[in-house]
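Engineer: Pasting the sequence and the predicted model now:
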Amino acid sequence: MIPVHELAAQGVAAGSGAIAPGLAMVNARALAGAAELLVIGLLLLLYFYRRRLYILYWIAGWTLAAASTFLSAYPLRQLQASWMQYGVAQFLAVLSALVFVISADAYRTRPHIRRAYALLLLPVLIWFALAPLALGPVAVLAPGHLLIAGGLAAAGFAHLSLLRQTRLLGAAVVGTMLLVVAATHGWLAITARVPDAPVVAHTDFLNLASYLVIALGMQLMTFEDMTYELRLTNRRLESAQWELRQMVTTDPLTGCRNRRLFDEVINREVQRHRRYRIPLSLLFVDVDRFKAINDTLGHEAGDRVLQQVAAFLVKNVREADYVFRWGGDEFLILISCSEEEAAQKGADLQTAFAESTNGGSLPAGVGLSVGCAHVPAEAADIMDLVKLADDRMYANKRAVRPQG
C-alpha cells in the first residue's frame, strides 16, 4: 500500500485518499492473521475436550491479536480513519499481550480481574485512538511495540515459571516463543520509523512461524496438564488408600497395630523365619488391675492407661518388631529373638514399666504381666503358640501378683 507517512506528506487530495494495500504488506499480515485464526480454532477444539480457564484466556488473547492484525492489514480508505484504526490495532495487541499474562496465572488459580484495571486501560485506549489523529501513526508506533514487547515478555516469563512448578514442557515452548515474539516487537520499536516499513513485513513472517510453534506448545501443555492432573489424582488415591489401610490395620485408641494386621504379617514373618533361620518369639502382655480401674475410675481412666501402656511398649521395642493390641487390656509383641531372649525382654519391660515416670501418673497397682513363647520353624498353627504365651502370661501374673 502507499505508505502512511507518504500519504501524509503528499496531502492526499479529497476524494482520492484511498490507501492502496501493497502486496507484500497485506500478504504478511493477512497470513499472520490467518495463522492466528487457525490457532483460535485449535484452541476451541482443545477447550471442548479440556474445559480449563487458562485455555479460554488463550482464546481471548489470540482473538484480540487476530483483530489487531486484520485491522492493521486492511486499513480504511479515509486517511485519518486509517490512522485511528492503526492506533486501535496497536492497543488491541497490547491488550492481547496482557491477556496472555493472565492466562499463565489462570493455570494455577482463578485470576481476580478488578474494575480498576479497566480504568487504567481507558486512558491508554484514548491515547492510542486519538493521538494518531493529531500526531500521525508514528505517535503510537514505538510506544505500542514497546508495550506489546513488555506484555509478551511478562507472559513468556509467567509461562516459564509454570515449568519450574509443574515440569510442563509445553509451558517452556510457549514461554520461549512468546519471548521471541516480544523480541521482534522490541526490535520494531527501535528500527521501524513508519507502520509499513519493510522490517515490519519481515517480522510478520517471522512471527507467523512463531505463532504456529506457540500453538503446538499450547496443545502440548494442555495434554501435559491432563497427565499432570492424572498423576496428582493417582497420588491422592494412593494417599487415601494408605490412610484407609492405616484405619483398617491400626487400633484407633492406642495407635498400635491390630489383629487384622497380625493375620497379614504372621505368615510372612514365619516364612522369613524359616528361610533365613531368624529366631521368632511371641510376648503376650496384660495390664494388671485393668478391670478394677474401669470399675472404680471409669472407662476414660481405663483408656488413658491403655494409651500409656501402648506408648511404653512401642517405645521400648525395636522398630523391626510389631506391637499389636490383641483385645481389651492385652497386647501381643512379635519379636525377632530366641525364647530365652524374649523372656528376658519381658522381664525388662516389667521392670522398666514399674520404674518409668510414666507409671507414676497411673493409678496405683498398675503393672504388666508377660508370657512368652518361641515360634519354631515348623510351626503350623500360630494360634496355639499365642495361647501358650497367654497361659504363661497368666502364670506370671499369679506368680508376681497373687492377689491381681
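Structural biologist: Thanks, I have it.

Engineer: ok now stretch 117-132, how far from the chain's centre?
Structural biologist: Distance of stretch 117-132 from the chain centroid (Cα atoms, centre = their mean, to the nearest Å) equals 38 Å.

Engineer: Show me what it is in contact with.
Structural biologist: Here stretch 117-132 makes contact (Cβ atoms under 8 Å, 6 or more residues apart in numbering) with 80, 83-84, 86-88, 90-91, 94-95, 139-140, 144, 147. Backbone N, C-alpha and C define where each C-beta goes, glycine included.

Engineer: same deal with stretch 284-293?
Structural biologist: With Cβ under 8 Å, 6+ apart as the contact definition, stretch 284-293 has outside contacts at 301-302, 305-306, 309, 313, 326, 328-333, 346, 349, 363, 365-373, 386, 389-390, 392-394, 397, 401, 404.

Engineer: again, only this time at 7 Å
Structural biologist: Applying Cβ atoms under 7 Å, 6 or more residues apart in numbering, the contact partners of stretch 284-293 are 301-302, 305, 309, 313, 329-333, 363, 365-371, 389-390, 393, 397, 401, 404.

Engineer: next one: stretch 87-101
Structural biologist: Identification of contacts with stretch 87-101 by Cβ under 7 Å, 6+ apart yields 57, 60-61, 64-65, 67-68, 71-72, 124-125, 128-129, 131-132, 137, 140, 144, 147-148, 151-152, 154-155, 158, 178.

Engineer: ok, then the element right after the helix or strand harbouring E238?
Structural biologist: Assessed by DSSP states H and E, E238 sits inside helix 198-249. For helix 198-249, the following helix or strand on the C-terminal side (DSSP H and E) is helix 259-276.

Engineer: residues of that next one that come out buried?
Structural biologist: For helix 259-276, a neighbour-count test (16 or more other Cβ atoms under 10 Å) marks 261-262, 266, 269-270, 273 as buried.

Engineer: Kindly reformat those as CSV containing distance to V285 and pLDDT.
Structural biologist: Shown next, in CSV, are these (distance: Cβ to Cβ, whole Å; pLDDT from 0 to 100):
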residue, distance to V285, pLDDT
L261, 17, 91
F262, 14, 91
I266, 17, 89
E269, 18, 87
V270, 21, 86
H273, 21, 85
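
Engineer: which phi and psi does P279 have?
Structural biologist: phi -60, psi 150 (degrees, to the nearest 10).

Engineer: Let me see the ranges of the helices in this protein.
Structural biologist: 4-10, 23-49, 53-73, 79-108, 115-135, 138-166, 169-191, 198-249, 259-276, 290-297, 299-315, 339-355, 357-360, 382-400 (DSSP state H).

Engineer: Give the buried residues for the second one.
Structural biologist: Buried positions in helix 23-49, judged by neighbour count with 16+ other Cβ under 10 Å: 24-26, 28-36, 39-40, 42-43, 46-47.

Engineer: before we move on, what about the third one?
Structural biologist: Along helix 53-73, the positions that meet the burial threshold by neighbour count (16+ other Cβ under 10 Å) are 53-73.

Engineer: and the gap between L349 and Q271?
Structural biologist: 27 Å (Cβ to Cβ, to the nearest Å).

Engineer: sorry, that was for L362
Structural biologist: For L362 relative to Q271 (Cβ to Cβ), the value is 39 Å.

Engineer: and if you look at L179?
Structural biologist: The spacing between L179 and Q271, counted by Cβ to Cβ, is 60 Å.

Engineer: give me the number of residues near Q165?
Structural biologist: By the measure other Cβ atoms under 10 Å, the count of residues near Q165 is 10.

Engineer: In space, what's closest to it - neighbours in sequence excluded?
Structural biologist: R108 (7.5 Å; Cβ to Cβ, 6 or more residues apart in numbering).

Engineer: Please read off the pLDDT at the one you found from the model.
Structural biologist: Reported pLDDT at R108 in the predicted model: 83.

Engineer: And it, how close does it get to M177?
Structural biologist: In terms of Cβ to Cβ, R108 sits 21 Å off from M177.

Engineer: If you count surrounding residues, which of these two has more?
Structural biologist: M177 (24 against 13).

Engineer: and that one, what does it touch?
Structural biologist: By Cβ under 7 Å, 6+ apart, the contact set of M177 is 210, 213-214, 217.

Engineer: Who are the packing partners of the helix holding E238?
Structural biologist: helix 23-49, helix 169-191, helix 259-276 (3 or more Cβ pairs under 7 Å, 6 or more residues apart in numbering; DSSP states H and E).

Engineer: and P75, backbone torsions?
Structural biologist: When quoted as degrees, to the nearest 10, the phi and psi of P75 stand at phi -70, psi 160.

Engineer: how deep is it tucked in, by neighbour count?
Structural biologist: P75 has 25 neighbouring residues, counting by other Cβ under 10 Å.

Engineer: Likewise for E300?
Structural biologist: Using other Cβ under 10 Å, E300 has 9 neighbouring residues.

Engineer: Next one, pLDDT for it please.
Structural biologist: For E300, the model assigns a pLDDT of 90.

Engineer: how near is it to D329?
Structural biologist: Where D329 is concerned, E300 sits at a distance of 15 Å (Cβ to Cβ).

Engineer: now L283
Structural biologist: In terms of Cβ to Cβ, L283 sits 15 Å off from D329.

Engineer: Tabulate the contacts of M177 (a markdown table), appending pLDDT and distance to D225.
Structural biologist: Listed next are the contacts of M177 as a markdown table, based on pLDDT from 0 to 100; distance: Cβ to Cβ, whole Å:
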| residue | pLDDT | distance to D225 |
| --- | --- | --- |
| S210 | 91 | 22 |
| V213 | 93 | 18 |
| I214 | 93 | 16 |
| G217 | 93 | 12 |
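
Engineer: just the buried members of those residues?
Structural biologist: 210, 214, 217.

Engineer: Using TSV, lay out those together with distance to A116.
Structural biologist: TSV is the format used below for these (distance: Cβ to Cβ, whole Å):
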residue	distance to A116
S210	32
I214	30
G217	32
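
Engineer: what's the closest of these to L169?
Structural biologist: Lowest distance from L169 to the buried ones among the contacts of M177 (Cβ to Cβ) belongs to G217, with 8.3 Å.
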